[in-house]
Structures are given as structure tokens and as C-alpha cells.
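Asker: sequence unavailable; structure follows:
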């Protein structure tokens, strides 16, 4: 197995199990439903639909920025690869969150202008 194939396999093992997008979305939506929609007196199904409409696009665009940065960090910048016990790994994660913030700005602006998402 060549070095690039081995790195790709390591990436899938390290991040494939830990970064289950469906679990992240379910957790985010359940928190949104429980706390944001409960005070409005909405039915749970209406709250779920409103949370899905308001949060899916912004969460996906944030995840594209974050995981895209972490993929670049993994495949381009650090050889040997950083371990999660290394402070530099977590610093790179923070930079990825900043990148995710900027990649989600256009989606959030779109959702705000269409009235799907409420301004905070």
C-alpha cells in the first residue's frame, strides 16, 4: 500500500467513525426543537420541520468548511500526521471552525433573506 493510499485509509478510520454527520444533525435538531420551539407552543412535528429547514443548509455548509480544512491539514500540511493528543491538532481544529464559519455565511444570509431562519 502506497503512502497516499495509507494516509487515505488512516483518514477514513480516524474521521469516518467520529464524524457521523447524521448523528451531529440529529443532536443539533433535537436541541433546536427542545429549546427554541418549545416556548412557541408548536407541535413537535412542526418544530422538527422548522428546525430541518432552518438548520440543514447552514450546518452542511459549516461542515464542508470544517472537514475540508481538516482534510487539507491531513493530506497536505502535516507529515507525519498529528494525533488528537497533540495541541497543534486542536489548534488546527479551531482554524477549521473559523473556515466553517466563513463557508456558512452565504447559506445563513440566504436563509435570513428568505425568512426561513430567524436573526439572533
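Answerer: Nice, I can see it. From a predicted model like this one, the values you see are computed outputs, not experimental measurements.

Asker: can you give me the buried ones in the host helix or strand of residue 53?
Answerer: Taking DSSP states H and E as the definition, residue 53 sits inside helix 44-72. For helix 44-72, a neighbour-count test (16 or more other C-beta atoms under 10 Å) marks 47-48, 50-51, 54-55, 57-59, 61-63, 65-67, 69-70 as buried. Using the backbone N, CA and C atoms, a C-beta is placed for each residue, glycine as well.

Asker: report the angle between the axes of whichever helix or strand comes after it and helix 44-72?
Answerer: Next helix or strand after helix 44-72 toward the C-terminus (DSSP H and E): helix 87-113. Orientation check (axes from the mean of the first three to the mean of the last three C-alpha atoms, to 10 degrees): helix 87-113 against helix 44-72 gives 140 degrees.

Asker: what mean pLDDT would you report for helix 87-113?
Answerer: Regarding helix 87-113, the rounded mean pLDDT is 93.

Asker: so which elements touch that helix?
Answerer: Judged by 3 or more C-beta pairs under 8 Å, 6 or more residues apart in numbering; DSSP states H and E, helix 87-113 is in contact with helix 44-72.

Asker: state the mean pLDDT of the helix it packs on.
Answerer: Helix 44-72 shows a mean pLDDT of 84.

Asker: just use 4 as the starting number from now, easier for me
Answerer: With the count now opening at 4, the last piece we talked about shows up as helix 47-75.

Asker: that one packs against which elements?
Answerer: Partner elements for helix 47-75 (3+ C-beta pairs under 8 Å, 6+ apart): helix 6-19, helix 24-34, helix 90-116.

Asker: repeat that for 7 Å
Answerer: In terms of contacts (3 or more C-beta pairs under 7 Å, 6 or more residues apart in numbering; DSSP states H and E), helix 47-75 is packed against helix 24-34, helix 90-116.

Asker: tell me the most buried of those helices?
Answerer: helix 90-116 (a mean of 15; mean count of other C-beta atoms under 10 Å).

Asker: JSON lines for the helices and strands packed on helix 47-75, including distance to residue 78?
Answerer: JSON lines is the format used below for these (distance: least, C-beta to C-beta, whole Å):
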{"stretch": "helix 24-34", "distance to residue 78": "20"}
{"stretch": "helix 90-116", "distance to residue 78": "13"}
